[in-house]
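Colleague: This is a predicted model, with the sequence first.
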Amino acid sequence: MLGFRCKGCDCSYCNAHRLPEDHKCETNFMELAKEEIKKHNPNITAPKIEKI
C-alpha cells in the first residue's frame, strides 16, 4: 500500500483519506496559495510623471 503525504499536516494517509477534507486537515490551503502568489508577484509601481 502506498501512502500519500499531506502537504498541510505532513502526515501519511491511505488512498481513501488522502484528500484534506477526508482526514479533517485544518490547514487553510487558500491562504497559503494567496501568500505564495504575493511572494512571487510583488507590486510594482511606476514613478509618477511630473506635471509641466
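Modeller: That came through fine. All figures in this text were calculated on a predicted structure; none of them were measured in a lab.
Colleague: Put the alpha carbons of stretch 8-27 into CSV.
Modeller: C-alpha atoms of stretch 8-27 as CSV (Å, rounded to 0.1, in the frame of the first residue of the first chain):
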residue,chain,number,x,y,z
GLY,A,8,-0.6,20.7,5.1
CYS,A,9,-0.1,18.5,8.1
ASP,A,10,2.8,16.4,6.7
CYS,A,11,1.1,13.0,7.7
SER,A,12,0.8,9.9,5.6
TYR,A,13,-2.7,8.6,4.6
CYS,A,14,-4.2,5.8,2.6
ASN,A,15,-5.9,6.4,-0.7
ALA,A,16,-9.4,6.8,1.0
HIS,A,17,-8.1,9.6,3.3
ARG,A,18,-5.6,11.3,1.1
LEU,A,19,-7.6,14.5,0.5
PRO,A,20,-7.6,17.2,3.2
GLU,A,21,-11.4,17.0,3.5
ASP,A,22,-11.3,13.3,4.2
HIS,A,23,-8.8,13.4,7.1
LYS,A,24,-10.0,16.7,8.6
CYS,A,25,-6.8,18.7,7.8
GLU,A,26,-7.0,22.1,9.4
THR,A,27,-4.5,23.8,7.0
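Colleague: how about that stretch: buried residues?
Modeller: Across stretch 8-27, burial judged by 16 or more other Cβ atoms under 10 Å covers 13, 17, 20, 23, 25. C-beta here means a position set from N, CA and C on the backbone, and glycine is covered the same way.
Colleague: which residues touch the second one?
Modeller: His17 makes contact with His23 under the criterion Cβ atoms under 8 Å, 6 or more residues apart in numbering.
Colleague: What score does it have for pLDDT?
Modeller: On pLDDT, His17 comes in at 87.
Colleague: Could you check how far it is from Cys6?
Modeller: Note on His17: its distance to Cys6, by Cβ to Cβ, to the nearest Å, is 9 Å.
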